[in-house]
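> have a look at this prediction, sequence included:
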Amino acid sequence: MKINCDMGESFGLWKMGNDEQVMPYLDMANIACGMHASDPTVMLNTVRLAKQYQVSVGAHPGYADLQGFGRRDIAMSSDTLSALFIYQVGALAAICHSESVVLSYVKPHGALYNTMMKSDEVFTTLVKAMSKAAPSLPLVVMAVPNYEKYQSLAADHGIQIMFEAFVDRAYDQDGRLVPRTVAGSSYHELSQIRRQARQMIEEKSVTTLDGQVIPIYANTLCIHGDTPLALPTAQLLRNLLALGNSYGVTL
């Protein structure tokens, strides 16, 4: 089980997140690619920071929506979305290459991520784009109960999948994230995050906002880097995973 976090989301003089403090606790850094957040300098500095701590770098492309932080859905044709996606992955890949860092995976951001999990057309557009631009990289998607469907769609285009779960967000009965507009959709207490993380790690399940228990089989746990609890959450997860490993538990 690996820890991933959305990183490099500052822009110009505007600062977002606590990358310098969070990075040492991570296995995977999802680096924004300049559309929902970030800029070339922030991207470069974040890649250097990940290299310093030997953290795997992943591209975190989103909709072109700086004002909305990529959390607003934007309708576009498959060709336009494919070009936008390839452009962002390629930009981060070039920066990685300049620092002798390997780009290791791709994880869409925000509204694009959520739309990908709801729309087979959008999901297929993204895996087709990856098959042309980054065929050797895995795509990170949400660990939903019907995960086999996404494995199959990706495999049709030669793309491997990594499944992730979210420790700081509430789930609905379909195994997807509760919209941020709903009360209780985001956790603001470390005790809530600890409880959900332990359930995901130890029981391979999550309790939904309405009290149902559903299976969650994840390869990686996600932290949202733009929250005040990002650093204590990263520390908590690292301690939980280290504790499990010390007892010989496969997490």
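The structure has been received and is ready for your questions.
> got a list of contacts for the lowest-mean-pLDDT helix or strand in the chain?
When each helix and strand of the chain is scored by mean pLDDT, DSSP states H and E, helix 230-246 comes last, with a mean of 86. Applying C-beta atoms under 8 Å, 6 or more residues apart in numbering, the contact partners of helix 230-246 are 1, 3, 5, 17-18, 21-22, 25-26, 167-168, 190, 193-194, 197-198, 201-202, 221, 223-224, 227, 251. To be clear about C-beta, it is placed using only N, CA and C from the backbone, and glycine gets the same treatment.
> swap in 7 Å and give it another go.
Under the contact criterion C-beta atoms under 7 Å, 6 or more residues apart in numbering, helix 230-246 has outside partners 1, 3, 5, 17-18, 21-22, 25-26, 167-168, 190, 193-194, 197-198, 201, 221, 223-224, 251.
> and stretch 203-215, by the same measure?
Applying C-beta under 7 Å, 6+ apart, the set of residues contacting stretch 203-215 is 145, 165, 170-173, 175, 178, 184, 196, 199-200, 216-217.
> closest to the centroid, which residue in the protein?
By C-alpha atoms, centre = their mean, the mean C-alpha position of the chain lies nearest to Lys107, the distance being 5.3 Å.
> for this structure, which segments count as strands?
Ranges of strands in the chain, per DSSP state E, are 2-7, 28-32, 56-60, 103-106, 139-142, 161-166, 205-207, 213-215, 220-223.
> could you pull out the helices for the stretch 1-150 of the chain?
19-22, 40-52, 78-98, 110-118, 120-133, 147-155 (DSSP state H, counting those that start in this stretch).
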